[in-house]
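Undergrad: no sequence for this one, just the structure:
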């Protein structure tokens, strides 16, 4: 079964450092997302990406965050200067199409756990 | 904006039936979804209701009442492996097609 692949599975970084989290979405999917989940809390939307541009972003997704799809397969989330409160599990997700019931079926990657010290 | 409320925790015994409720407030409505998340794992899709009524998928069923802005997930013949967090979610009518997730319910299945 096709899957979304994320690397690294766990990253520890010092406050103020830049971090890049990588994702390979399912190959024929067209819409890509980053979500985050602070330990024990709900899954929060960060950003959606379609046709090589951001289609929507949340208040969390401030100037310290950016996304890229540099080569048609990878989808990256960059945090320029990490803060303690950025410590969370970051999930990449993708979806085939926007219309119909399938638009509600996000396929998530296994996540990248970011720990900021 | 969208907000979805769920009970924080539910405990049940193996073999029993459990219902996890979700009440929502949304600016537009495109259906209610349910996701399961085991500890340390990724959310995985369980079911979706666009219209009122019950949708059954094996041991899991999901119900929706749009007039009450309410839905529930029903798990039958509980197994230990069903111990997980369960999230309801609604699709946002905005251009990003994002899903907004509920607060999550941690289900503990005991012997």
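TA: Alright, I've got the coordinates. Just so we're clear, the structure is a prediction, and the values are computed from it rather than from any experiment.

Undergrad: what's the closest non-adjacent residue to the residue of chain B found nearest chain A?
TA: The nearest approach of chain B to chain A comes at residue B:96, 2.5 Å away (CB to the nearest CB). C-beta here means a position set from N, CA and C on the backbone, and glycine is covered the same way. Once flanking residues are discounted, residue B:96 sits nearest to residue A:56: 2.5 Å by CB to CB, 6 or more residues apart in numbering or on different chains.

Undergrad: after the helix or strand containing the one you found, which helix or strand is next?
TA: Element membership for residue A:56, per DSSP states H and E: strand A:53-57. Where DSSP H and E defines the elements, the next helix or strand beyond strand A:53-57 is strand A:65-68.

Undergrad: name the residues that touch the following helix or strand past that following strand?
TA: Helices and strands here follow DSSP H and E; after strand A:65-68, the next one along the chain is strand A:75-79. For strand A:75-79, contacts defined as CB atoms under 8 Å, 6 or more residues apart in numbering or on different chains pick out A:18-25, A:32, A:34, A:46-47, A:49, A:64-70, A:86, A:90, A:92, A:94, A:114.

Undergrad: mind redoing it with 6 Å?
TA: When contacts are defined by CB atoms under 6 Å, 6 or more residues apart in numbering or on different chains, strand A:75-79 is touched by residues A:19-23, A:25, A:32, A:34, A:64-69, A:86.

Undergrad: buried subset of those as a ChimeraX selection?
TA: If you want just the buried ones from the contacts of strand A:75-79 in ChimeraX, going by 16 or more other CB atoms under 10 Å in any protein chain shown, the selection is:
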select /A:19,21,22,23,25,32,34,65,67,69,86
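
Undergrad: what is the burial count for residue B:30?
TA: 19 (other CB atoms under 10 Å in any protein chain shown).

Undergrad: backbone dihedrals for the residue nearest to it when sequence neighbours are not counted, please?
TA: Using CB to CB, 6+ apart and skipping the chain neighbours, the partner closest in space to residue B:30 is residue B:91 (4.1 Å). As for residue B:91, its main-chain torsions (degrees, to the nearest 10) stand at phi -90, psi 130.

Undergrad: and the helix or strand hosting residue B:107, which strands flank it?
TA: Per DSSP H and E, residue B:107 falls inside strand B:105-110. With DSSP bridges as the test, strand B:105-110 is paired with strand B:9-13 (parallel), strand B:84-91 (antiparallel).
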